[in-house]
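[1] Make a model of this:
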Amino acid sequence: MSPEQKEELERWAQSRSLPAGDVFRARLLLCLAEGLSYREIEGKLGASAPTVSKWKSRFEQAGMEGLRGQHRGSQPRTATPAVQARILRRAQQKPADGSTHWSVRKLAAELEMSKSTVQRVLAQAKLRPHRLDRYMASNDPEFERKAADIIGLYVNPPQHAAVFSVDEKTAIQALDRLDPVLQLSPGRAERHGFEYYRHGTLSLYAALNVKTGRVEGKTAKRHASADFIAFLTELIGKAKWAREIHIVLDNLSAHKTQAVEQFLPSTGSLTT
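    Residues are numbered from 1 along each chain as shown. Here you go, the predicted structure:
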């Protein structure tokens, strides 16, 4: 063993980043260099005599290169282009059993392949059969013009105008806990009882101020045009500074009643 080899082995033996096998073999050879017997090395490192003999022989034949592990591990298996095409084509078709979408296991069983192969091919192609996005196509011939008007309000609202985007959340359960809330204390989290009273449902009216991002809200017991008009009245009262008030709504029936149509002109500066 040359001084250079011994120095390199000492670095290996003290390394915390090399594989454990390299560190072990370096320590084994350093023990041999110190003149320890096979029995002493077995007691110190837990290496059997055949193991000591094997690495001693490899070091004598090939030096430091002989200490490298000869098993490089198995090569990662890759699906052939034909297999990949078959998986991707079937993933883009509907399941024959009436299911709404494919799962990896269901697709693997359909194609008689392993789950890991199917999962790997789908991940590489960035296909997600388990996810679903919905969209709505408008049949309104004036859709583009109306959409342009609304986008213009959002992007570049008129000067001295207030723009609100209004919507409702209905059927919110109004619940009240049966037992009092127990406050948190050192080592104990806040505790709520699991039983509750039902006080019916509420509707939440909310208006997003497009410019400031502030949300104005109001709850109501019912979801009717009278409640909607009451909310609009409060909303207008909070924007008295505006010369124009623009309110963006959907086509809910409560927004298009005769009472609402009569209310809008009565506000003077309100436009929709």
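
[2] What residues of the longest strand seen in the chain count as buried?
    Identified as the longest strand of the chain according to DSSP state E is strand 161-177. By 16 or more other C-beta atoms under 10 Å, the buried positions in strand 161-177 come out as Ala161, Ala162, Val163, Phe164, Ser165, Val166, Glu168. C-beta here means a position set from N, CA and C on the backbone, and glycine is covered the same way.

[3] Would you confirm that Cys31 contacts Gly46?
    No: in this structure, Cys31 is not within contact of Gly46 by C-beta atoms under 8 Å, at 11.8 Å.

[4] Could you name every residue contacting both of these two?
    Residues touching both Cys31 and Gly46 by C-beta atoms under 8 Å, 6 or more residues apart in numbering: none at all.

[5] Name the residue in those two with the higher neighbour count.
    Between Cys31 and Gly46, counting by other C-beta atoms under 10 Å, Cys31 is the more crowded of the two (19 against 9).

[6] Chain neighbours aside, what residue packs nearest to the more buried one?
    Of all residues not flanking Cys31 in the chain, Ile41 sits nearest, at 4.8 Å (C-beta to C-beta, 6 or more residues apart in numbering).

[7] coming back round to it: in a markdown table, list the buried residues of strand 161-177 along with distance to Lys106 and pLDDT.
    Listed next are these as a markdown table, based on distance: C-beta to C-beta, whole Å; pLDDT from 0 to 100:
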| residue | distance to Lys106 | pLDDT |
| --- | --- | --- |
| Ala161 | 54 | 85 |
| Ala162 | 52 | 86 |
| Val163 | 48 | 88 |
| Phe164 | 47 | 88 |
| Ser165 | 41 | 88 |
| Val166 | 43 | 89 |
| Glu168 | 39 | 88 |
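
[8] Nearest to Ser253 among the residues you listed?
    Closest approach to Ser253 among the buried residues of strand 161-177 (C-beta to C-beta): Glu168, at 11.8 Å.

[9] my guess is the closest one contacts Ala207, does it?
    No: Glu168 is beyond contact range of Ala207, at 10.3 Å (criterion: C-beta under 8 Å).

[10] where are the low-confidence patches of the protein?
    68-78, 266-272 (pLDDT under 70).

[11] Off-centre distance for the helix or strand hosting the residue nearest to Cys31?
    In the assignment (DSSP states H and E), Ile41 maps to helix 38-45. Remark: helix 38-45 is offset 53 Å from the chain centroid, using C-alpha atoms, centre = their mean, to the nearest Å.

[12] Kindly report the same for stretch 188-200.
    Put simply, stretch 188-200 sits 30 Å off its chain's centre (C-alpha atoms, centre = their mean).

[13] mind listing the helices for the stretch 51-200 of the chain?
    Assigned by DSSP state H, counting those that start in this stretch, the helices in the stretch 51-200 of the chain fall at 81-91, 104-111, 115-125, 143-155.

[14] Among those, which comes closest to Ser15?
    helix 115-125 (33.6 Å).

[15] Can you check what angle separates the helix or strand containing Ala230 from strand 161-177?
    Take DSSP H and E as the rule and Ala230 turns out to sit in helix 225-237. If you take axes from the mean of the first three to the mean of the last three C-alpha atoms, to 10 degrees, helix 225-237 sits at 120 degrees to strand 161-177.

[16] in helix 225-237, what counts as buried?
    Ser225, Asp227, Phe228, Ile229, Phe231, Leu232, Leu235, Ile236.

[17] helices or strands up against it?
    If you count contacts as 3 or more C-beta pairs under 8 Å, 6 or more residues apart in numbering; DSSP states H and E, helix 225-237 packs onto strand 161-177, strand 196-209, strand 215-220, strand 244-248, helix 258-266.

[18] TSV please, covering the ones you listed and showing distance to Asp140.
    As requested, those are arranged in TSV below (distance: least, C-beta to C-beta, whole Å):
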stretch	distance to Asp140
strand 161-177	19
strand 196-209	23
strand 215-220	28
strand 244-248	15
helix 258-266	19
